[in-house]
Structures are given as C-alpha cells and as structure tokens.
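Take this sequence and fold it.
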Amino acid sequence: MRWLKIAGGTAAGLLLLVMACGLALYLGGGRVLAWAIEHPGSTMIGRQIRVGGRVSVAWGSPTRIVIEDLHVGNASWDAKTEMLAAGRVEIAFMPLTLLRGPVRIPLLRLDKARLLLETSPEGEGNWTLGNGAPKQRQQFPVLQRFEVQDSALFYRNGETKAETDVGIAALRLDAPDAAAPVKIDGTGTFQHQPVKLAATVGPISELRNAAQPYPVALDAVLADLQLKIAGTIARPLDFSGLDLRLSLAGTGLDKLGDALGVPLPELPPIRGTSKLSGGNDAWTLTAVSLKVGKSDLEGGIDIRTQQKVPRVEANFTSSFIDLADFKGLYGGKPRAAPTPASPPAKDGRIIPDTKLAVDKLPGVNASLKFYGTRINAAAGLPIERVTLGVAIENGELMLDPLRFHVALGDLALQARYNPFTRSSPPRLRAKIDMRKIDLHSLLSGPAMPEMVRETAGTLGGFVDFDASGASMRQFLGSMNGNAAVFVADGQMSALLQRLAPIDVLGALGVYLSGDQPQPIDCFIGRFDLKSGVADVSTLLAKTPVTTIVGAGGVDFRNETINLKLKPYNNGFRPISLRTPIDIEGTLGKPDFHIEKEGVIAKLGAALGLGILFPPAALLPLMDTGLGSDNACAAAYAGKQPAVGAGSSAPNKR
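Numbering: from 1, shown residues only. Here you go, the predicted model:
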C-alpha cells in the first residue's frame with residue numbers, strides 16, 4: 001500500500017500545481033501557466049519541474065488540465081536523475097472541493113511515464129514532496145479513476161542496492177462512488193516476468209476512516225503462479241497493521257525466485273497458505289503450510305528490514321520430504337532426462353576444475369531451522385529424523401548442524417563457508433561424523449549399481465578439514481586436517497574387481513568365487529591431510545585368511561597415488577603365497593605392481609611391523625564410529641597374524 005500513499009502524494013502535489021496553473025491561466029494565459037508550473041509549482045513541491053510541451057485547460061466542473069512532456073526532478077541527494085518523466089499527464093478535479101474538501105479528483109491519467117522511487121544510503125525516500133503528501137488517512141483525496149498506460153516504475157534501495165522493475169502495460173483504478181469498493185486491474189511485468197492483476201479494496205470513504213482497518217482482496221498471476229491475498233490493513237498509508245491471508249498455487253516458483261532475486265531451481269507444482277502480519281519493516285508469516293510435489297512443509301518466517309542488512313528467520317517441520325521434488329537443488333531438474341557425464345579432461349585428471357557457482361551470498365542475515373521425520377532420498381536411501389540448522393551471517397554460510405538417521409546409523413555435518421572476496425579465495429571448514437551405518441541397508445537399493453549391492457558391514461569414521469579454492473580441484477588440493485574410516489563385519493564382491501585386478505587380489509590373499517562376496521572382518525584407515533596430501537598413518541584390512549598392512553598416501557594436488565600393501569597370513573602356513581603390492585600412478589589410471597622381492601624390507605623400514613595393530617588412540621575412535629565390542633576391536637585385541645615363509649614375525653602389542 002506504499003504505492004497508494006505515493007499515488008495520493010502525487011495527486012496532492014499535482015493539485016498544488018493545478019491551483020497555481022488556474023490562477024496563472026486566469027491572469028495571463030498559456031505562457032504564464034507554463035511558467036507557474038515550472039517556478040511556483042517547483043517551490044511548492046520542493047522539486048525542479050520542467051514542461052517540454054504545451055499545457056491546456058478546459059474550465060468547468062470538473063476542470064481538466066493536460067500537460068505534455070512533464071519532468072519532475074529527484075531529491076537533492078540524487079539530483080542527476082529524474083523522479084518522474086511523463087509524455088502526457090491529464091488531471092480532472094472539482095474546483096470547489098479545493099476550498100471546502102474533501103478534494104475530489106474524477107480522473108488522473110499518466111501516459112508513457114517513468115517513475116523512479118528510491119531511498120538514499122541513509123534510508124530517506126525520494127517521494128516526500130514538500131508538504132503536499134497526505135500524512136493522515138482523512139487527508140487522502142477522493143480519487144475516482146486512476147489510469148496508467150505504457151509506463152514503468154523503478155524502485156531502488158540505496159542501502160542494499162536492491163532494484164525492482166515494474167512494467168505497466170495498462171493499469172486502471174475505478175472508484176465512481178466513494179462508498180463503493182474500489183476495483184483495480186492491470187497487466188504488465190514484474191522483474192521482467194509477466195503479471196496480471198485484479199483486486200478489490202475498500203471504498204475511498206473507508207480509506208479516509210482511521211478508526212477502521214482497510215479491507216483488501218487481491219488476485220495476481222505471476223508467470224504460472226496464482227497469488228491470492230485477503231484481509232485488512234490497519235494503517236494502509238504506512239502499510240502496517242497487516243492482517244492478511246495468503247495462498248499460492250501453480251508452477252514456476254523458480255521464476256518467482258528470479259523476480260525476487262532468490263535463485264531457485266525448477267520445482268514441481270506448489271500450493272500453500274499462510275498468514276501475513278506486521279508492518280514498519282517487521283513482518284511475520286505464520287501458519288505456513290506448503291505442498292511441493294509430494295513433499296510438505298509447515299512453519300513460519302520472521303522478516304526484519306529495519307537494519308541496513310535485512311534479517312530473515314525461518315522455522316519449518318515436515319512429515320515427509322521426497323528429494324526427487326528438489327533435484328534442481330543438487331544438480332538436476334524434476335522430470336528431466338539425466339545430464340550426460342562430462343568427458344574426462346585431456347590431461348587425464350578426474351577431479352573437476354569447474355568454478356563453483358556460489359561466489360556471493362545474498363545480502364541478508366538469515367537462519368533456517370528444520371526438522372523432518374521422514375525423507376525419501378535419491379536411490380532409495382533410508383533417511384529419517386533430519387535436523388538442519390543453516391545461517392547466513394555477515395556473508396558467511398554456516399551449516400550447524402545437519403544430522404540425520406540413515407541406514408540404522410547416524411551422520412552429522414558441521415560446515416562454515418566464506419565466499420570469494422577480493423583478498424582471498426572461498427574457504428570451507430567442515431566436520432563429518434559417521435556412526436554405525438549399515439552398508440547393506442545403504443547400498444542395496446534398486447537404484448544402486450549391481451556391483452555395490454552385495455556390499456555389507458558397519459561403517460563409522462570422521463573427516464575434519466579446512467580448505468580453500470574456487471573449484472573442487474582447488475578445494476581438495478588445499479585440504480588440511482585428518483580423516484578416518486572404519487568398517488566391521490563387512491563384505492564386498494564385484495566392487496573389489498573394479499578396485500583392483502584379480503591377480504592383485506590373489507597376491508593379497510583375497511579370492512573371489514563367482515558372485516560370492518568376500519568377507520572383510522575389519523578395515524581401518526586413518527589419514528593425515530596436509531596441503532592436499534592424504535598421508536596414511538594407519539591402513540589395515542583383515543579377512544578370514546589375510547591381514548593387509550598399508551603405507552603411503554594420495555596427492556590430490558597432482559591426482560597421484562603411492563600406496564604399498566603387504567599381506568600377512570592370519571594363521572600358520574608352511575608356505576606363504578602372499579606378495580606385497582605397489583600402487584602408483586594417477587587417480588584416473590592407477591598402476592598395480594606385484595613385487596617379487598625387496599618390498600618386505602621397504603615396508604619394514606617404512607612401517608615397522610608393530611603397526612599391524614592400531615595405535616591405542618584409535619580404539620576410542622573406533623568405538624565411537626562402530627559401537628562398543630565391535631569386530632575391529634576384537635580382531636586386533638591381542639590375536640596377531642602368524643607369519644609364513646618369507647615373512648618376518650611382527651611385534652606383539
């Protein structure tokens with residue numbers, strides 16, 4: 001309703017011109033009339049006025065004045081631009097009401113007009129026109145018809161630099177009777193999206209009555225979205241004291257997001273209701289109920305715009321979220337064919353160097369709290385009890401926490417992201433905690449590749465890192481921190497053959513029989529991350545027959561790998577057929593070397609045979625990730641592998 005206040009101010013300002021024009025025309029004709037508009041008129045409204053065309057008047061009741069090529073200057077803090085430029089302005093008024101009130105204006109019409117509304121960096125609006133604008137509801141003139149053709153309205157926030165572009169193909173307000181409801185209809189664009197508007201608001205007599213809230217009913221169509229608003233506004237000229245019911249339905253929510261400056265992906269049809277209250281730059285949406293595709297959301301939103309940086313706080317809950325409804329949020333479009341994978345880089349690298357799309361966060365401070373009881377995830381992943389906290393504060397994105405129950409276990413994530421600045425690249429700090437996740441429940445869904453469906457075991461571990469960069473390659477190439485992964489009571493089948501050739505697996509004592517999975521009693525991997533290099537501090541894998549020890553690392557900067565694996569028999573064997581393995585080369589094309597001699601000495605020097613058993617510091621971490629009395633703790637509690645021919649006896653821990 002700020003526009004209503006501005007319309008009233010415009011009408012009142014033009015009336016001041018009319019009074020000056022009438023006196024000038026009566027005394028001196030057309031030239032004196034134009035002079036009166038440009039000089040005394042400018043003084044009255046506190047803005048420079050220029051008339052580039054002719055001015056004509058038709059006396060009577062009503063009296064009609066037409067001004068061609070009218071220009072009104074802007075506030076002093078932006079004097080280089082014009083507030084209003086209009087090809088033609090027509091106003092009809094009842095002369096006697098200028099003396100005894102209320103002022104009656106049968107017609108106000110603007111053609112080919114361009115109106116700029118803006119605030120200064122200090123928040124001052126340019127629409128305060130001297131003493132002409134109505135400050136009280138009872139001062140508002142009785143405007144019977146208001147028409148705008150082929151015009152545009154621009155709004156610019158001098159504090160946040162946000163801009164709004166409204167194109168007006170046709171707009172008409174009809175109030176022939178002061179006691180009858182006011183009809184409004186129009187067509188045009190909002191932020192270059194097509195808009196159609198139909199509204200009914202209270203009679204002008206009720207607008208002038210400060211004792212009663214002003215009734216409003218509006219239907220609008222933006223792109224393919226239908227918006228309905230109904231309720232009352234206690235102080236319509238200040239657009240405060242709102243008590244409005246909102247409903248939204250249709251498709252194209254992404255287009256609405258574009259119009260509001262909030263980037264959104266393509267989403268399924270949406271329908272929702274809410275209640276809007278507040279005013280004076282403090283708004284509250286309560287009883288929000290949304291249905292997006294098959295997903296539902298309920299909650300509320302508080303919006304505060306008094307500060308230089310607006311603040312938004314949202315709280316939502318959900319009984320069911322289908323992530324297929326939100327594919328666009330994580331790299332796709334609903335109901336669209338899958339995008340083909342990008343071809344590998346010519347240099348053989350497999351980590352993408354594509355610049356991250358998010359290099360600037362919205363200019364707001366915002367927080368979102370969400371709790372969902374059931375999530376239908378992509379690939380059928382069983383996700384439940386999701387707790388999410390997201391905040392944007394002073395340009396930094398914080399995720400604290402993201403916790404959910406998945407595959408009989410729990411996963412938690414904390415992260416802080418600073419976007420790109422002039423002095424430094426984006427920075428990401430994150431902690432991931434995995435506890436007692438059942439791999440078979442996680443990977444056995446029908447959408448999973450066949451090779452991983454037989455994978456089983458209990459997964460636990462953590463990742464704690466700090467990285468910076470403008471692409472995934474730069475992030476991984478700058479990581480600092482540490483990570484660990486534990487798997488107990490596991491099994492793998494065809495996936496093992498993808499990880500290593502069959503002869504390499506045989507050399508390590510891992511034999512696959514047809515489609516029968518290979519049991520893995522325990523796997524322990526602990527890595528130190530420094531400048532993009534993951535150095536192995538502990539790497540152990542125990543099968544029913546063999547214990548495999550590893551050393552080396554992975555260089556994400558150069559995408560190279562250098563690992564040495566040495567197998568040991570778990571029981572006494574008169575002859576050892578276990579052979580050390582070297583894995584070198586690139587991540588995209590690793591080379592496997594079965595060592596015939598010399599590796600035992602290298603491994604002994606590099607590892608020390610005492611590392612067959614996990615350091616004591618790892619035991620509580622294993623208990624956290626896998627639970628107490630886990631198979632890994634039992635596997636390395638004191639029973640160590642025997643050594644066959646060609647192996648040295650390990651130290652007992």
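
And the closest residue in space to Glu90 that isn't next to it in sequence, how close does it get to Leu173?
Residue nearest to Glu90 in three dimensions, not counting chain neighbours: Arg109, with 4.3 Å by C-beta to C-beta, 6 or more residues apart in numbering. Glycine gets a C-beta too; all of them are placed from N, C-alpha and C. Per C-beta to C-beta, to the nearest Å, Arg109 is found 11 Å from Leu173.

next one: Ala616
Distance, Ala616 to Leu173, by C-beta to C-beta: 80 Å.

and the two? which has more neighbours close in?
Here Ala616 and Leu173 are compared on neighbour count by other C-beta atoms under 10 Å; more neighbours surround Leu173, at 20 against 8.

returning to what we had before: okay but the residue nearest to Glu90 is in contact with Gly87, surely?
No: with contact defined as C-beta atoms under 8 Å, Arg109 does not count as touching Gly87 (11.2 Å).

what element comes up after the helix or strand bottoming out on mean pLDDT in the chain heading to the C-terminus?
Using mean pLDDT, DSSP states H and E, helix 599-607 stands out as the lowest-scoring helix or strand of the chain, at a mean of 46. Using DSSP states H and E, the next helix or strand after helix 599-607 towards the C-terminus is helix 618-626.

Contacts for that next one, please.
If you take C-beta atoms under 8 Å, 6 or more residues apart in numbering as the criterion, helix 618-626 is touched by 434-436, 458-462, 484, 486, 488, 524, 526, 538, 614, 630, 632-633.

and if you look at stretch 187-200?
With C-beta under 8 Å, 6+ apart, stretch 187-200 has contacts from 164-171, 181-186, 216-223, 255-256, 258-261.

Just the ones in strands from those residues, please.
Among those, DSSP state E puts 164-171, 182-186, 216-222 in strands.

what ranges do the helices span in the stretch 451-600 of the chain?
Under the criterion DSSP state H, counting those that start in this stretch, the stretch 451-600 of the chain contains helices at 472-476, 494-499, 502-507, 599-607.

Buried residues of the shortest one, list them for me.
I take that to be helix 472-476. Neighbour-count burial for helix 472-476 flags Met472, Arg473, Gln474, Phe475, Leu476 (criterion: 16 or more other C-beta atoms under 10 Å).

where are the low-confidence patches of the stretch 201-350 of the chain?
Where the stretch 201-350 of the chain drops to pLDDT under 70, the residues are 257-265, 327-347.

and what of the stretch 1-150 of the chain?
Scanning the stretch 1-150 of the chain for pLDDT under 70 picks out the ranges 1-33, 129-139.

buried set for stretch 369-388?
In terms of neighbour count (16+ other C-beta under 10 Å), stretch 369-388 has its buried residues at Phe370, Gly372, Ile375, Asn376, Ala377, Leu381, Pro382, Ile383, Val386, Leu388.

Would you reformat those as CSV and include distance to Ala412, secondary structure and pLDDT?
Formatted as CSV, the buried residues of stretch 369-388 follow (distance: C-beta to C-beta, whole Å; DSSP: H, G, I helix; E, B strand; the rest coil; pLDDT from 0 to 100):
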residue, distance to Ala412, secondary structure, pLDDT
Phe370, 15, strand, 92
Gly372, 15, strand, 92
Ile375, 15, strand, 85
Asn376, 21, strand, 82
Ala377, 16, coil, 74
Leu381, 16, coil, 70
Pro382, 17, strand, 67
Ile383, 13, strand, 83
Val386, 11, strand, 91
Leu388, 11, strand, 91
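
For those, which two are the farthest from each other?
By the measure C-beta to C-beta, Phe370 and Pro382 form the most distant pair in these, at 18.8 Å.

Find me the pLDDT at Pro567, would you?
Note on Pro567: pLDDT of 86.

wait, it sits on Glu595?
No: counting by C-beta under 8 Å, Pro567 sits too far from Glu595 to count as a contact (11.3 Å).

quick one: common contacting residues for those two?
With C-beta under 8 Å, 6+ apart as the test, Pro567 and Glu595 both reach Thr579, Pro580.

Just want to know which of the two has more residues nearby.
With neighbours defined as other C-beta under 10 Å, Pro567 and Glu595 compare such that Pro567 has more, 24 against 17.

That one pairs with what?
Counting by DSSP bridges, Pro567 is bridged to Ile548.

Please list all residues in contact with it.
Ala507, Leu508, Gly509, Thr546, Thr547, Ile548, Val549, Arg578, Thr579, Pro580.

Mind checking which of those residues are buried?
Among those, those buried by neighbour count (16+ other C-beta under 10 Å) are Ala507, Leu508, Gly509, Thr546, Thr547, Ile548, Val549, Arg578, Thr579, Pro580.

Let me know the closest of those residues to Thr284.
After measuring the buried ones among the contacts of Pro567 against Thr284 - C-beta to C-beta - the closest member comes out as Ile548, at 60.5 Å.

Can you list the low-confidence ranges for the stretch 501-650 of the chain?
Along the stretch 501-650 of the chain, the model assigns pLDDT under 70 to residues 511-515, 571-578, 596-613, 635, 637-650.

State the helix or strand in which His440 lies.
Element membership of His440, judged by DSSP H and E, is helix 439-443.

Next, the buried residues of that helix.
By neighbour count on 16+ other C-beta under 10 Å, the buried set for helix 439-443 is Leu439, His440, Leu442, Leu443.

residue contacts, Ala178?
Counting by C-beta under 8 Å, 6+ apart, Ala178 has contacts Val142, Pro203, Ile204, Ser205.

what domains does the record give for the chain?
1-174, 410-635 (automatic domain parsing).

Make JSON lines out of those and add distance to Pro268.
Output for these, formatted as JSON lines (distance: least, C-beta to C-beta, whole Å):
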{"stretch": "domain 1-174", "distance to Pro268": "27"}
{"stretch": "domain 410-635", "distance to Pro268": "19"}
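
Can you list the residue ranges for helices in the stretch 151-300 of the chain?
Going by DSSP H, counting those that start in this stretch, the stretch 151-300 of the chain shows helices at 204-207, 253-260.

just the CA coordinates of the first one, formatted as PDB?
Once non-C-alpha atoms are left out, helix 204-207 reads as follows in PDB (Å, rounded to 0.1, in the frame of the first residue of the first chain):
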ATOM      1  CA  ILE A 204     -12.400   5.500  -0.500                       C
ATOM      2  CA  SER A 205     -14.600   6.600   2.400                       C
ATOM      3  CA  GLU A 206     -13.200   3.700   4.400                       C
ATOM      4  CA  LEU A 207      -9.600   4.600   3.500                       C
END
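
Just name whatever secondary elements it is in contact with.
Contact partners of helix 204-207 among helices and strands, from 3 or more C-beta pairs under 8 Å, 6 or more residues apart in numbering; DSSP states H and E: strand 214-222.
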